[in-house]
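J.: output the structure for:
(3 chains)
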Amino acid sequence: MLQQQPLTGNGPSSGRGLAMSGHPGMHALGSAHPPPQHRSDGDPGLDGAENGHESRRDIGDILQQIMTITDQSLDEAQAKKHALNCHRMKPALFSVLCEIKEKTGLSMRNNQEEEPQDPQLVRLDNMLLAEGVAGPEKGGGAAAAVSAATSSGGMSPDSSLEHSDYKSKLSQIRSIYHTELEKYEQACSEFTTHVMNLLREQSRTRPVSPREIERMVGIIHRKFSSIQTQLKQSTCEAVMILRSRFLDARRKRRNFSKQATEVLNEYFYSHLSNPYPSEEAKEELAKQCGITISQVSNWFGNKRIRYKKNIGKFQEEANIYAMKTALVATQNDDSPPTPNSTGSGSFSLSGSADLFLGGSQMNGEQPGYIMGGQTNGSWTGRNTSPHGASPRSDGSDNSE
DNA sequence: CGTGATGATTGTAT
DNA sequence: ATACAATCATCACG
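T.: Residues are numbered from 1 along each chain as shown, chains lettered A, B, ... in the order given. Below is the predicted model:
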């Protein structure tokens, strides 16, 4: 980290070299003479000076004092330090240090730049933001994420229970994440100021360029941000697990209530000619059934495709519901049970026709009244199934 | 436990 | 963006 070795001749710097930089583990030398190996490791300039034995003596003394500073009490140390700073040899020593610094400075220049702003970290940040973990406040973000994941709007009372469970878990993760993040940030700034203070202190006895301080701060921040990345990563994982656990509706699928299917089927069969509910109709149905709009859409999607695939199988069901709507229609005279944009007359007509056809045997044949009574072409017309169009046989379905 | 029913998801076409 | 078609995963029933 810090290039002290040339001066002290002390080999391996310990892990805490930063804090104690200069004299780690030097107590053994504290009371000893200037180390003989000091010479071998090379200060050629001083070594060769024949008339410099006097100043060498001084340097030795100074080093001695530096090394014993840690063994003394603080007050003592401060006094010694002051003495050192006032020593007449100090400027000379300092200039030597500067020289060394200049030489070794080259080696640390090259690993200076590069700050690629890790794309993975950006992705993690974005995801945490999207999940409402890293967002500004609870509630809004999480709720938005949930509703976006499940549907595009209407919350149903059915799933609100799970949602609250999900939200509580999410806020748990959220709070843990934030406390940890804060801890890291605090530790980072504490450590940074600590290092800065040390460097500032050291700058009195050794040359410390602002650039160097900057670099040191950068290193510290990088280290801490890599830790933060890990935190973010594990938080993301936790959120993903939570999501798959709570929001993957496939996992705990519940059949809709009898009444809900009733309502949906009623709508479907009474709009058999055009079973594509508008947004408002979907909303209404969703409200009636206590499900979400997207669930209504799913239901109609499934129903259409399954009805089309095997009309015969649904014939009985169709008759039942047609009868129902017909009954309602007769009760309400000629006003349709569910007002819709398509002509009301057409489906009420088909409903009455169902009553007649209900008793008669109708194998898989497509009922003529559906085709005949409707304005537009049959939505089942665009059939791609090879044999589904004419299910002459009974209800046994053998697709695939 | 096997099987059909059913709600949800995914991939593709329009 | 919506619908369709295929598929998945679970439920419900025998």
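J.: how many residues are close by the residue lying closest to residue A:129 once chain neighbours are set aside?
T.: Closest residue to residue A:129 apart from its sequence neighbours, by CB to CB, 6 or more residues apart in numbering: residue A:135 at 5.9 Å. All C-beta atoms are positioned from the backbone trio N, CA, C, and that covers glycine. Using other CB atoms under 10 Å, residue A:135 has 17 neighbouring residues.
J.: three-state assignment of residue A:135?
T.: When states are read from DSSP: H, G, I helix; E, B strand; the rest coil, the local structure at residue A:135 comes out as coil.
J.: where's it relative to residue A:177, distance?
T.: Going from residue A:135 to residue A:177 by CB to CB, to the nearest Å gives 11 Å.
J.: go on, residue A:171?
T.: The span separating residue A:171 from residue A:177 equals 10 Å under the rule CB to CB.
J.: who has more neighbours out of the two?
T.: Set side by side, residue A:171 and residue A:177 give different neighbour counts by other CB under 10 Å, the larger being at residue A:177 (20 against 15).
J.: is the helix or strand encompassing that one in proximity to DNA strand B?
T.: When elements are assigned from DSSP states H and E, residue A:177 belongs to helix A:157-202. No. Helix A:157-202 is not in contact with DNA strand B by CB under 7 Å from any atom of the strand; minimum separation 8.4 Å.
J.: is DNA strand C contacted by that helix?
T.: No. For a cut-off given as CB under 7 Å from any atom of the strand, helix A:157-202 has no contacts with DNA strand C; the smallest distance is 12.9 Å.
J.: helices or strands up against the next helix or strand after that helix?
T.: Under the assignment DSSP H and E, the closest C-terminal helix or strand after helix A:157-202 is helix A:210-246. Using 3 or more CB pairs under 8 Å, 6 or more residues apart in numbering; DSSP states H and E as the contact criterion, the elements in contact with helix A:210-246 are helix A:119-130, helix A:157-202.
J.: which residues of the stretch 301-400 of chain A lie near DNA strand B?
T.: If contact is defined as CB under 7 Å from any atom of the strand, the residues of the stretch 301-400 of chain A in contact with DNA strand B are A:301-302, A:306, A:313, A:397.
J.: helices - which of the residues you listed land there?
T.: Per DSSP state H, helices hold the following members of these: A:301-302, A:306.
J.: for the record, mean pLDDT for the helix or strand hosting residue A:318?
T.: Here residue A:318 is covered by helix A:315-331, with elements defined by DSSP H and E. In this model, helix A:315-331 carries a mean pLDDT of 79.
J.: same deal with stretch A:181-194?
T.: Mean pLDDT, computed over stretch A:181-194, is 90.
J.: kindly report the same for stretch A:260-274.
T.: Averaged across stretch A:260-274, pLDDT comes to 91.
J.: so which bits of it are buried?
T.: Within stretch A:260-274, the residues that qualify as buried by neighbour count (16 or more other CB atoms under 10 Å) are A:260, A:263-274.
J.: before we move on, the earlier item: compare the residues of the stretch 301-400 of chain A next to DNA strand B and tell me which has the most neighbours.
T.: Going by other CB under 10 Å, residue A:313 tops these with 17 neighbours.
J.: give me the distance between that one and residue A:307.
T.: Here residue A:313 is placed at a distance of 8 Å from residue A:307 (CB to CB).
J.: just residue A:73 next, same as before
T.: Going from residue A:73 to residue A:307 by CB to CB gives 92 Å.
J.: so for those two, which residue has more residues nearby?
T.: It is residue A:307, of residue A:73 and residue A:307, that has more neighbours when counted by other CB under 10 Å, with 20 against 8.
J.: my guess is the more buried one meets residue A:314, correct?
T.: Yes. Here residue A:307 reaches residue A:314: they are 5.1 Å apart, a contact under CB atoms under 8 Å.
J.: measure residue A:274 to residue A:311 for me?
T.: Taking CB to CB as the criterion, residue A:274 is separated from residue A:311 by 16 Å.
J.: ok, which of the helices and strands packed on helix A:210-246 comes nearest residue A:102?
T.: Minimum separation from residue A:102 across these (CB to CB) falls at helix A:157-202, 17.1 Å.
J.: and DNA strand C, is stretch A:284-304 touching that?
T.: Yes. If you take CB under 7 Å from any atom of the strand as the test, stretch A:284-304 does meet DNA strand C, through A:297, A:301-302, A:304.
J.: kindly export that stretch (C-alpha atoms) in PDB.
T.: As requested, C-alpha coordinates have been extracted for stretch A:284-304 and formatted as PDB (Å, rounded to 0.1, in the frame of the first residue of the first chain):
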ATOM      1  CA  GLU A 284     -68.200  -5.300 -14.500                       C
ATOM      2  CA  LEU A 285     -67.700  -9.000 -14.700                       C
ATOM      3  CA  ALA A 286     -64.600  -8.800 -12.600                       C
ATOM      4  CA  LYS A 287     -66.500  -6.900  -9.900                       C
ATOM      5  CA  GLN A 288     -69.300  -9.300  -9.900                       C
ATOM      6  CA  CYS A 289     -67.100 -12.400  -9.700                       C
ATOM      7  CA  GLY A 290     -64.600 -10.900  -7.300                       C
ATOM      8  CA  ILE A 291     -61.600 -11.500  -9.600                       C
ATOM      9  CA  THR A 292     -59.300  -9.300 -11.500                       C
ATOM     10  CA  ILE A 293     -59.800  -8.000 -15.000                       C
ATOM     11  CA  SER A 294     -56.900 -10.100 -16.300                       C
ATOM     12  CA  GLN A 295     -58.500 -13.100 -14.800                       C
ATOM     13  CA  VAL A 296     -61.600 -12.300 -16.700                       C
ATOM     14  CA  SER A 297     -59.500 -12.000 -19.800                       C
ATOM     15  CA  ASN A 298     -57.900 -15.300 -19.100                       C
ATOM     16  CA  TRP A 299     -61.200 -16.900 -18.500                       C
ATOM     17  CA  PHE A 300     -62.600 -15.700 -21.800                       C
ATOM     18  CA  GLY A 301     -59.500 -16.600 -23.600                       C
ATOM     19  CA  ASN A 302     -59.500 -20.100 -22.300                       C
ATOM     20  CA  LYS A 303     -63.300 -20.400 -22.800                       C
ATOM     21  CA  ARG A 304     -63.200 -19.300 -26.400                       C
END
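J.: noted, bye for now.
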